[in-house]
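> Below: sequence and its predicted model.
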Amino acid sequence: MIVTTEIEMDDAPSADCIIEQCLNLEQPRSFFLYAGAGSGKTYSLVMAVKSLKDRERQRLTFEGRQIAIITYTNAARDEIARRLEFDPLVVVSTIHAFSWKMIQGFNDDIREWLRVKLANDIAELDDKIRRARQPNKTSLANQASRDSKARRLNDLDNIPTFTYSPTGDNRGRQALNHTEVIQMAAQFIPEPPLLNILADRHPVLLIDESQDTNGPLMDAFLRVQAQVSDRFCLGLLGDMMQRIYNDGKERLDESIPDDWAKPEKRMNRRCPTRIVDLINVIRANADTHQQKPKPGAIEGTVRMFCTQQAPGQDFSLEARIAERMAEVTGDPTWASGTAGRKTLILEHKMAGRRMGFEGVFTPLYNVDHLRTGLLDGTLPILKLFFERVAPILQAAQKDSFTLMEAVRLRSPLLDPSYMKDAPDQLALLEKVGSAVQTLCELFSNDHDPLIEAVAQVLFETSLLDLPDRLIEAMLAGATDEAPPETTDREALETHAYRMLLGRPYSEMAALADYADELSPFDTHQGVKGLEFPRVMVIINDEEAGGFLFSYDKLLGVKPASEIDIRNERDGKDSSLSRTRRLLYVTCSRAEESLAIVVYTAQPEVARASVIEAEWLTADEVVMI
């Protein structure tokens, strides 16, 4: 086991000084900052940008230029913008928003790109359809997709302007989808005129979590930097060990030119000594980067609990483990319920089982074209309940003024233009008041109404606008039947909404809390960049049901496949390397103590494996 025996001097000032020197508009130098877990990467980014804009404010303002920062999530974007005091000299965007900002308005180029892309897609689908021996679900889906693309191709010349929203639903013939925007940006940006527009508009482009940035798009930025390095600084911040998304550029660190600066932040300011030791040994097989704890760091506690028990719908074992952690650490908050710890699960549906929203999550998740909107909260039905119904119900718990203000901001009945045309405004206000009262009465005496009942009140009173597909589902009625055998997107979406109608509203409220990151649960992937005092990592391949990650393989319970072995030998990504990185990310979230719960068919094998690898000592692994 790797043990930190000496606290070296802090390396942050040297790394920060290097970055500040790179951000020079007269002599820019691109850089790749290696910043391991908890090393203060965001702090370095913010301080470097503050220094640059303070030095060059007059020049940037006069030339109409901005420093650009790309982040991975909306939450990270908002946090960085807040720390920079929303300075107009800095534009902070997600990768999708930045890509659209660059290509928006180039409608002729977008049209021609789509013309080629759609024709190629149609040719590939035609080939698949010809090779199908007989009609089946796959061939029918291919045919439906082919017909949809053909209609879109034929309609291209009738679309004068293309639209896109990084957080919207992107429906309609003129709307581009997320993948198309990224692909077009990757193709357009390295070529004139966008190459010069990028360099002239943003002399400095900083990309946070660069290891997870789309590979082709990262290649495009690297090509731009190579062509205009004398007037453009590209700053990449990240840690290859924290790459968890498949479309990120493999071996990004090996693609960095020799003349770039390569500062490194080695101090982990988040984790206690014991956890720094653990994550160092986890990553030792991946690279040579090792961290050191901050001066005066506490020792901290790590325990792994291995069990053969299947959780099913009973998660009392995890509660008992939390009580054991309270005893071991002397920290009673561990045993104060799920709110006292952050529980990390591999798939959202695992959180659904534990928080009670599986019934509304699963029907939506099972419809392919709804999945993205479900995970980022942009589905119209989620916006209805999360952003309109929930605030009204919350306001009803306070006072009548707060309630009516919440309704005024959300109800179309109180829109100024609608009220202006109303023949009797007093009667309209009475109608709204009655509608709100009817809605709130559904929840009186702690009643938990069905989603269908809530939607029916909204529909009958017109208090809130409902998505068209939800109205269709209401007319058809709630159902618990299996989805229809069809590839029709609208039919599948309507059926999913019909399944939601029969679920209690409390499930939608639980999903809203989870989506707002208010819940005590999060995914292994979604927790990157966050930190918590007490962390419980749930490892259960069978419950997760995925194939990209395999903790059983990593822990030696299952043998690595031939493909895994070949990929590891050739330096390519495999389920082993992906899972190792994911475990590194989850373990490095803990500020005080860490519990790893392993559900596996062979707990003894898992225990022996981690002890042999010197991840944990024998007394740190508990058999249940």
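Great, that's in hand.
> Which parts of the stretch 501-624 of the chain are strands?
Along the stretch 501-624 of the chain, counting by DSSP state E, counting those that start in this stretch, strands occupy 521-523, 532-539, 590-599, 621-623.
> Adding mean pLDDT, write those strands out as JSON lines.
Below are the strands of the stretch 501-624 of the chain laid out as JSON lines (pLDDT from 0 to 100):
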{"stretch": "strand 521-523", "mean pLDDT": "77"}
{"stretch": "strand 532-539", "mean pLDDT": "95"}
{"stretch": "strand 590-599", "mean pLDDT": "96"}
{"stretch": "strand 621-623", "mean pLDDT": "96"}
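> okay if I get those strands as a markdown table plus mean neighbour count and distance to N120?
All C-beta spots, glycine's among them, are computed from the backbone N, C-alpha and C. Output for the strands of the stretch 501-624 of the chain, formatted as a markdown table (neighbours: other Cβ atoms under 10 Å; distance: least, Cβ to Cβ, whole Å):
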| stretch | mean neighbour count | distance to N120 |
| --- | --- | --- |
| strand 521-523 | 22 | 34 |
| strand 532-539 | 23 | 41 |
| strand 590-599 | 24 | 44 |
| strand 621-623 | 17 | 53 |
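> between the ones you listed, which one is nearest to S44?
Smallest distance to S44 across these (Cβ to Cβ): 19.6 Å, for strand 590-599.
> tilt between the closest one and strand 532-539?
Orientation check (axes from the mean of the first three to the mean of the last three Cα atoms, to 10 degrees): strand 590-599 against strand 532-539 gives 20 degrees.
> Can you show me the CA trace of strand 590-599 as PDB?
The C-alpha coordinates for strand 590-599 follow below in PDB (Å, rounded to 0.1, in the frame of the first residue of the first chain):
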ATOM      1  CA  ALA A 590     -15.000  11.800   0.300                       C
ATOM      2  CA  GLU A 591     -13.800  14.500   2.600                       C
ATOM      3  CA  GLU A 592     -13.800  12.500   5.800                       C
ATOM      4  CA  SER A 593     -14.900   8.800   5.500                       C
ATOM      5  CA  LEU A 594     -15.700   6.300   2.800                       C
ATOM      6  CA  ALA A 595     -17.800   3.100   2.700                       C
ATOM      7  CA  ILE A 596     -17.700   0.900  -0.300                       C
ATOM      8  CA  VAL A 597     -20.600  -1.600  -0.500                       C
ATOM      9  CA  VAL A 598     -20.000  -4.600  -2.800                       C
ATOM     10  CA  TYR A 599     -22.800  -6.800  -3.800                       C
END
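> helices and strands around that strand, which ones?
If you count contacts as 3 or more Cβ pairs under 8 Å, 6 or more residues apart in numbering; DSSP states H and E, strand 590-599 packs onto helix 273-283, strand 301-307, helix 316-329, strand 532-539.
> quick one: low-confidence ranges for this protein?
1-13, 137, 167-171, 311-314, 517-518, 546-547 (pLDDT under 70).
> Apply 50 and report the result again.
Scanning the chain for pLDDT under 50 picks out 1-9.
> Spit out the contact partners of the closest residue to C587 other than its chain neighbours.
For C587, ignoring the flanking residues on the chain, the nearest one in space by Cβ to Cβ, 6 or more residues apart in numbering is I279 at 5.4 Å. Neighbouring residues of I279 by Cβ atoms under 8 Å, 6 or more residues apart in numbering: A37, N268, C271, Q291, Y584, C587, S588.
> measure I279 to D239 for me?
Applying Cβ to Cβ, to the nearest Å, the value for I279 to D239 is 11 Å.
> Can you pull the residues that touch both of those two?
Residues touching both I279 and D239 by Cβ under 8 Å, 6+ apart: A37.
> Thanks a lot, catch you later.
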